[in-house]
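[1] Let's see this in three dimensions:
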Amino acid sequence: MRWLAVLLWFAPPVGAVTCTDVDYRGKSFTTCTVDTTTEDLQLFHADDDGQVLGSFSAIEEVLAGRKLAFAMNAGMYHEDRAPVGHYVEDSVEKMRVITNPGPGNFGLLPNGVFCINEGSARVYETLDYVARAPQCRDATQSGPMLVIDGELHPRFLPDSTSRFIRNGVGTTADGGQAIFVISNDPVSFHEFGSFFRVYLGLPDALYFDGKVSRLYAPDLGRSDFGFQLGPIVGVVQ
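    Numbers count the residues shown, from 1 in each chain. Got it, this is the predicted structure:
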């Protein structure tokens, strides 16, 4: 696997992933900003033997001396921890794109795909992703979209009482930054999407999950544990 490669030419700059705690409208969030033009942002699911990694510590075990600078769960998964939607890792598609509506948050259309390439990362609404057919090195489908072309998902209700710990990702228009967010307080979809749209000012953002949301941010002394995870996104140093 590509994460076993040894980097011989330089060490990554210190502080290239910036994680910070933010208060917004009475709720606490943690943001981790990744410069996708310079950082080694990857998706992780299983090892070379097909065994699901499932945790931040398991990823570091296969990194052969390299370390995670940041990581979080990155998409919904079945009981066997297989991805619910489209999943690509190291240019190998492991699950096709799902375009039809369905049960649960994943099927609350429009949903989307987080696409990673060398030097960029973008969130696409799923039908736009299918139409554009970008060649993603890594990709994970989840849902619902939080922000679509600068607007909140049309089905988010300002007075919703459904609140959970939630996590997701938004990207800048040029794909040069990916900003990952986890709420530290239970929040509604409307509150979570508004954080990306209003506070962060991002044009597109995608929901990863709720209840099972986990973050690894060593600069903050944080390594969440609990449920075994499916897809995970992380920056490798």
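
[2] For Asn117, which residues are in contact?
    The contact partners of Asn117, by Cβ atoms under 8 Å, 6 or more residues apart in numbering, come to Pro134, Gln135, Cys136, Arg137, Gly175. Backbone N, C-alpha and C define where each C-beta goes, glycine included.

[3] at 6 Å what do you get?
    Asn117 makes contact with Arg137 under the criterion Cβ atoms under 6 Å, 6 or more residues apart in numbering.

[4] repeat for Ala121
    Contact partners of Ala121, counting by Cβ under 6 Å, 6+ apart, are Thr36, Thr171, Gly175, Ala178.

[5] distance of it from Cys136?
    9 Å (Cβ to Cβ, to the nearest Å).

[6] One more: Cys32?
    Separation of Cys32 from Cys136 (Cβ to Cβ): 21 Å.

[7] ok, now Pro154?
    To Cys136, Pro154 is 26 Å away according to Cβ to Cβ.

[8] Looking only at neighbour counts, state which of the two leads.
    Neighbour count, other Cβ atoms under 10 Å: between Pro154 and Cys136, Cys136 has more, with 23 against 10.

[9] just checking, that one touches Val88?
    Yes. Between Cys136 and Val88 there is a contact under Cβ atoms under 6 Å: 5.5 Å.

[10] number of nearby residues for Arg137?
    Using other Cβ under 10 Å, the number of residues around Arg137 comes to 18.

[11] Same check on Arg166?
    26.

[12] So it sits against Lys211, correct?
    No. Arg166 is beyond contact range of Lys211, at 8.5 Å (criterion: Cβ under 6 Å).

[13] got a list of contacts for stretch 16-31?
    Counting by Cβ under 6 Å, 6+ apart, 32-35, 39, 69-70, 179, 181-185, 187, 195, 199, 217, 219-220, 235 sit against stretch 16-31.

[14] Tell me the buried residues in that stretch?
    Ala16, Val17, Cys19, Tyr24, Lys27, Phe29, Thr30, Thr31 (16 or more other Cβ atoms under 10 Å).

[15] Next, count neighbours for Tyr199.
    Residues within reach of Tyr199, counting by other Cβ under 10 Å, total 14.

[16] swap that for Glu93, please
    Other residues lying near Glu93 total 12 when counted by other Cβ under 10 Å.

[17] which stretch of helix or strand covers the residue nearest to Phe56 when sequence neighbours are not counted?
    Distances taken as Cβ to Cβ, 6 or more residues apart in numbering place Tyr216 nearest to Phe56, at 4.2 Å, with adjacent residues excluded. If you go by DSSP states H and E, Tyr216 is part of strand 215-217.
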